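Undergrad: coords please:
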Amino acid sequence: MLAERQCASLSDQSAFELQALRSELMVLATGCHEDARYNAFIRRYQPDLQANERMISSYFRHRYGRAGQTEHDRFVTELANAMSRQGSDMGADFCPHNGMMFNEVLALQSSAELQDYVAGKNLIPASIEVCTPMTASAATVHREKARGRVRAKGKQITRR
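TA: Model prediction:
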């Protein structure tokens, strides 16, 4: 079963899915005392995870401009909180049920297989929106800021 695609760009979708996997494994590590396996995952895929982090940061900077880092931080926090709530809802079943993910990701042979793995999971909680279209007014403001023009109470101001 493939994860539900929420992004227009396949690379954006893949980046958010990998971020969701990382968050899920972090919640597993802290809630199920799996620090060693989480650290093994991080060490094994460190270049891929760093590249993914740059991609997500770029997405938020492009989409939100100066507020990009704040929105990125908010997203990561909301994602971790949603994953943690799912774990709490599962109770004692959480660790045995989801702990197998460590076995699965550590058994993969390459980072290409990691991308296929996350595409086959549905790790992004329904409560977390990714790649949502900008509202028309937000898109206009974004374009105007990119052109160096903003409006203040009906007056156009051009930055020099």
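Undergrad: what comes up buried for the helix or strand in which Ala82 is found?
TA: Assigning secondary structure by DSSP states H and E places Ala82 in helix 68-90. Neighbour-count burial for helix 68-90 flags 68, 72, 75-76, 79-80, 82-84, 87 (criterion: 16 or more other CB atoms under 10 Å). C-beta here means a position set from N, CA and C on the backbone, and glycine is covered the same way.
Undergrad: What are the contacting residues of the next helix or strand after that helix?
TA: Using DSSP H and E, the helix or strand that follows helix 68-90 in sequence is helix 94-98. With CB atoms under 8 Å, 6 or more residues apart in numbering as the test, helix 94-98 has contacts from 24, 28, 31-32, 86-88, 90.
Undergrad: same question for stretch 62-80, mean pLDDT?
TA: For stretch 62-80, mean pLDDT rounds to 93.
Undergrad: mind checking how far that stretch is from the chain centre?
TA: 10 Å (CA atoms, centre = their mean, to the nearest Å).
Undergrad: ok, now stretch 8-28?
TA: 5 Å.
Undergrad: Remind me what the host helix or strand of Ser58 packs against, helices and strands.
TA: Using DSSP H and E, Ser58 sits in helix 46-64. Applying 3 or more CB pairs under 8 Å, 6 or more residues apart in numbering; DSSP states H and E, one finds that helix 46-64 contacts helix 10-32, helix 68-90, helix 111-119.
Undergrad: Among those helices, which comes closest to Asn52?
TA: Of all the helices and strands packed on helix 46-64, helix 10-32 sits nearest to Asn52, with 4.8 Å by CB to CB.
Undergrad: contacts for the following helix or strand past the closest one?
TA: Later in the chain than helix 10-32, the nearest helix or strand by DSSP H and E is helix 35-44. Helix 35-44 is contacted from outside by 25-26, 28-29, 49, 102, 105-106, using CB under 8 Å, 6+ apart.
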